[in-house]
Each structure stands twice: as C-alpha cells, then as structure tokens.
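Participant: here is a sequence with its predicted model. Questions after.
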Protein chains: 2
Amino acid sequence: MHEYESNIINGTKMANDIIAEIKQEHDNYMGTNKSVPHVAIIQIGDREDSNIYIKKKQAACEKVGFVCLHYKYDSDILADIVYRLLYSLNGDDKINGIIVQLPVPENFSEEDLLGKISYVKDIEGLNAYNMGNLALDKRVPLYVPCTALACMEILKRENVLVKGKHVVVVGKSNLVGLPLLLLLLKEMATVTTCHIETTDIISHLQMADIVISACGKPLFIKKSWLKNGVTVLDVGINTIPNPDLKSNSTLTSKKKYKLVGDVDTEHVKTIAHKITPVPGGIGPMTVAMLLSNLLKSYKFQNGIV
Amino acid sequence: MHEYESNIINGTKMANDIIAEIKQEHDNYMGTNKSVPHVAIIQIGDREDSNIYIKKKQAACEKVGFVCLHYKYDSDILADIVYRLLYSLNGDDKINGIIVQLPVPENFSEEDLLGKISYVKDIEGLNAYNMGNLALDKRVPLYVPCTALACMEILKRENVLVKGKHVVVVGKSNLVGLPLLLLLLKEMATVTTCHIETTDIISHLQMADIVISACGKPLFIKKSWLKNGVTVLDVGINTIPNPDLKSNSTLTSKKKYKLVGDVDTEHVKTIAHKITPVPGGIGPMTVAMLLSNLLKSYKFQNGIV
C-alpha cells in the first residue's frame, strides 16, 4: 500500500532551512555595530510544557544570534507587576517582540495580558486588531499566529495548492484553528471547520483534499476516514503512555510516555500524498515562524524595507 | 410535496416586531427632555441601489423617532473633505452611529474611510478591531455587521438550533459571509464556507442542515442540491429581467425587472423546514438590526446599562 515514497514531510529540515535564510537575511543588512532583534518572553507559573516550549524558542534565537529575554514569575504574582513589565517592554526601543507564554494561570486574564502588548510588538499575532485584519478581505495583518503560519508555509514549500481545494480544519482555537481558517479562506480554499460539537466529522473528512488537525486528541484521525491522496498536517502534540511499556518494564522514566499527534500517522501515511510527523513536523516550523515574525518586527521598527 | 406548511419566514413581520421592541425599550428610559439616537449616513456618488437602501434606513429611523442624517457627496469629491466630516462626526457627542454607505466609488479606499470611523460609532461593525473580537473565542465585539446579525436573529426567533449543526455559508464577503461564519463558529456550528473557487459546492450543500447564501447569483441554489428539512436563509438581492415580460408586453417599465434571491425558492420551499423569501426576508431584518446596533451605541455612549 506504500503508494507514495518519502511522503513524510521533514519539518525539522524545513525549519532549519528557514532559520538559515533568516540568519542570512539578517546578516546581510547588519553591520558590526548594529543592534540585533530582541524578544521578551513572559512566563507566569512553572508548567512543564511551557518550560519546554520556551527553551526551544531560546535555542532557536541563539542559533541566529537574536536575543531572547525570559521573565519568569510565580503564579501568585500580582497582575499589576506583570502589567508594569509589559508597559516597560512596550516602551523599550530595544525590544522588538513580546510574548506572553500561554496558557496563563487561571487567576490571570489572558485577554487583559495580550491586550496590553503593543500592536507592533505582538509577534504572535493574537490581538484583536491583528486578527481582524487577518479575517477581513483585502486587509493585511502585521503578524499571523506562528503555528497557522507554519502550516501555510509547509503547504507552500511542499507545492500543495490550496486555492479551490477542500480543507477540513479540526479545531477552532484562537492560536491555531481560527487563524488557519482565515488564512485558508484568503487563499481561496473551501474550508470546513470541525470541532468538539461536530456530529459527523467522518463525512467531512472523507471529502477533504487537505486535513489540518489541531484538536489535541491523540491518534484520533483514522486512515479509513480519509481519501486517497489527502495531504495531512498534524498540529497535535499529545503525550500518551508508551505502548511498549507493558512488554518492557525496564524502560527508564523518560520513556514511560510518548509524543503523538492527532493523526494515526502509521496507517494514514500509506494513503496520504504528504503528511507531517509528530514530533518533527509542525513543531519546529512554528519556532522558525516565530523567528520570522521577530525579524519582521525588527525590520518594521527599524525602518528596514 | 408541501410537507411543511407556513415554512416561509416572514422577515417583514419579524423586523416590525423588533422595531416595536426597540421603540418600547427606548421610550422606557427616555424622559421628555432627553436626546434621541442619531446616525449619520455618508454617501459618495449616486448609485441607485444605495439610494434605495438609505431611504429604507431613514424610514426605519423615522418609525422609532431616531434621527438619521444623510450626507451626500458627488463621486469626485476630495477624500480630505469626507475625512474631515468623519473626524467632526466622531467628535460630535450627539452622533451615536456613523455609516459609510458601501460600495464607495473606485477612486476611494473603503479601508481608509471605514478605518476613520471611531470604534464606538462603527455601528456596522466593519472595523478590524471589531472583526477581531468577533473572530476570537471568548471575546465580545461591540457591534456585529447587521446582515450577519439579522441571519442569527432569524435562526434564534425561529428556534432553529445552530450548535452542532452543519451550516454551509455561500460567500465570504466582509459584510456578510465572513462575519456570519465567525458568529456561527462562536455558536458551535460546523461551518463550511463555499465561494467562487469552490469546485464541488453541491456535495457540501447536500450535507447541510442550514444553508445561508450571500453570493449574489440569482436563483443559483437548486432544490436537488439540498436535503429534506434544510433551513435556508437567502441573503441575495438580485435583479433579473421579469420572466412574465415576454407574454405580456404591456407591463410598465417598473415591472421589467424582478427581485430574486440566490435560491430557487419556488422549488426549494417544498423541501425546506424554513426558508426566507426575497424580498421580505433578510432585507427588512438587516434594517431592524441596524436600529438595534444604533440603540446599543446610544446606550453605551450615554452610560445606560
């Protein structure tokens, strides 16, 4: 059944290519005494997943010589203190991008925090004004949320045309599903958005030329639900108990869990035209897109065209 | 085949009910010396359809005692003069709502004009900040575009549940299709957006529980494309040559043309659970929603909760 050879999209390699392009572009206009792009990441609390994502962002910045500042607060910090930091970062000419690492603890308002990031430094593209310009026909947002941008960049670099194609997006989150839907509509795809309340997801998936899943349900999407030649982007990053654990109890603690996507890739890959793996698919591309947005912000703020 | 009796939604009656409710609500808190809501409509050029729409808005305002000011410019007016009017209206405490009648002549930028309307007076909900808040989960826009609001209000008043239902929206304009999609997603419908580049619209329509068409193609949507029991909202307002004209050449000039929607209502009504007619469906409801937005704006600006 392996009709398609090498149909597994290498997100890590693609991300490294983009990061090299970003470094090259930045080096091209940076003299010896010039500044470098700075991003500030604000973390409230100590979620393990947030720690990992932040480390990845820091490592990527380091690769290209961008500066990544990390402000970490206990989850019981006063909101006012975080707000004051945000105001100070907004006013600091050296800072080009500001990220509030999501999710924030329940005692904080995500909307209030994100709403206080200056529009020109909102490199994750999550404020209402950005999202409105992303939604509206003939308007151009300054920034597009990185994961949605990663999906579109993968489709572009893999020469998967979007115009006129039927795309099913599974999930409608502010971070991924919603901006993806809006980007796909701008590119003239026919888009169906499915989510937790969708009653007959299979009938939609069976019609799809492209499926993009961002619903956080491990191994949810099955081969029999899809048509031959579908392109599948798997945004899910889910942790499940390692299935090999029963047969081998000597595994170290690190191997008790396994990362999987929303898609049953092992089987789906046999019918897919192209498919992204988890890990090594959307994840590294999202980080590359963050660097791309940061460079865009730096250029914008320094009047570099 | 007339399985459903009285399945034609009476948009005119519903709009009149809402207008009476609006008048009642306004009368309740208005003393003898109090101000009334004011809306300013700016028209550039002399399009016949715009003239008609503006007259309808004026008539509706008159019904409830709201003031409707009409500023009409020749299409060759300097943009600066219109901008100055917009600034002056933004700063005028008496004015609660500002409308730039669309479409504007080609020598004007719709984006520039709409972008100059103060956020709190943008009662057509077309600025990017409003649209972003409409798009984002857990955010609430101040205003929602009137035609999209009209469709949702009809579904609500006709007890057509949206949550978990498959809705096909035909068209993705800033004015109708896009905000409708966003509203429907907020209400947890599964939404497919079809448009000019959609290759197989019938297969999507055949699955739909609710179809909302805003594509401007006269009598486009056929009975055989829909499933039994579908609810159909027809946003299209199209002018076609009167089909009775051939057999009766003595018709007056006014009857040379006929208003029809995007849907072949005559046949579709035999299988639809509910359907809106054209005229007398979405049209009057859109005007009612404009009054509703204007009252909301008036209350907001006068601190009335």
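Facilitator: It's in.

Participant: in the helix or strand encompassing A:Leu114, what's buried?
Facilitator: Element membership for A:Leu114 (DSSP states H and E) is helix A:110-115. In terms of neighbour count (16 or more other Cβ atoms under 10 Å in any protein chain shown), helix A:110-115 has its buried residues at A:Glu111, A:Leu113, A:Leu114. Backbone N, C-alpha and C define where each C-beta goes, glycine included.

Participant: below-threshold pLDDT in chain A: ranges please.
Facilitator: A:1-5, A:31-33, A:245-254 (pLDDT under 70).

Participant: can I get the CA coordinates of the helix holding A:Leu114 in CSV?
Facilitator: Output of helix A:110-115 as CSV, limited to C-alpha atoms (Å, rounded to 0.1, in the frame of the first residue of the first chain):
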residue,chain,number,x,y,z
GLU,A,110,-5.3,36.1,29.0
GLU,A,111,-7.2,38.8,27.2
ASP,A,112,-6.0,41.5,29.6
LEU,A,113,-2.4,40.4,29.3
LEU,A,114,-2.4,40.0,25.5
GLY,A,115,-4.3,43.3,25.1
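
Participant: and the angle from whatever helix or strand comes next after that helix to helix B:128-135?
Facilitator: Per DSSP H and E, helix A:110-115 leads on to helix A:128-135 as the next helix or strand towards the C-terminus. Counting by axes from the mean of the first three to the mean of the last three Cα atoms, to 10 degrees, helix A:128-135 lies at 80 degrees to helix B:128-135.

Participant: can you confirm whether helix A:128-135 lies near chain B?
Facilitator: Yes - residues of helix A:128-135 are located near chain B by Cβ under 8 Å from any Cβ of the partner chain, namely A:Ala128, A:Tyr129, A:Asn130, A:Met131, A:Gly132, A:Asn133, A:Leu134, A:Ala135.

Participant: and that helix, what other elements does it pack with?
Facilitator: Packed against helix A:128-135, as judged by 3 or more Cβ pairs under 8 Å, 6 or more residues apart in numbering or on different chains; DSSP states H and E, are the following elements: helix A:177-186, helix B:128-135.

Participant: just checking: what are the partner strands of whatever helix or strand comes next after the first one?
Facilitator: For helix A:177-186, the succeeding helix or strand toward the C-terminus, using DSSP H and E, is strand A:190-194. For strand A:190-194, the pairing partners within the sheet under DSSP bridges are strand A:166-170 (parallel), strand B:190-194 (antiparallel).

Participant: which one of the ones you listed lies nearest to B:Glu124?
Facilitator: B:Glu124 lies closest to strand B:190-194 among these, at 21.0 Å (Cβ to Cβ).

Participant: quick one on the thing from earlier: now the strands paired with strand A:190-194 in a markdown table, with distance to B:Asp92?
Facilitator: Formatted as a markdown table, these follow (distance: least, Cβ to Cβ, whole Å):
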| stretch | distance to B:Asp92 |
| --- | --- |
| strand A:166-170 | 44 |
| strand B:190-194 | 38 |
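
Participant: turn those into TSV, including distance to B:Ile44 and mean neighbour count.
Facilitator: TSV is the format used below for those (distance: least, Cβ to Cβ, whole Å; neighbours: other Cβ atoms under 10 Å in any protein chain shown):
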stretch	distance to B:Ile44	mean neighbour count
strand A:166-170	38	26
strand B:190-194	30	27
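
Participant: and those strands: which comes nearest A:Leu205?
Facilitator: Of all these, it is strand A:166-170 that lies closest to A:Leu205, at 5.6 Å by Cβ to Cβ.

Participant: what does the stretch 1-150 of chain A have sitting close to chain B?
Facilitator: Taking Cβ under 8 Å from any Cβ as the contact definition, the stretch 1-150 of chain A meets chain B at A:110-111, A:127-139.

Participant: tally of neighbours for A:Gln43?
Facilitator: Neighbourhood size, A:Gln43 [other Cβ atoms under 10 Å in any protein chain shown]: 20.
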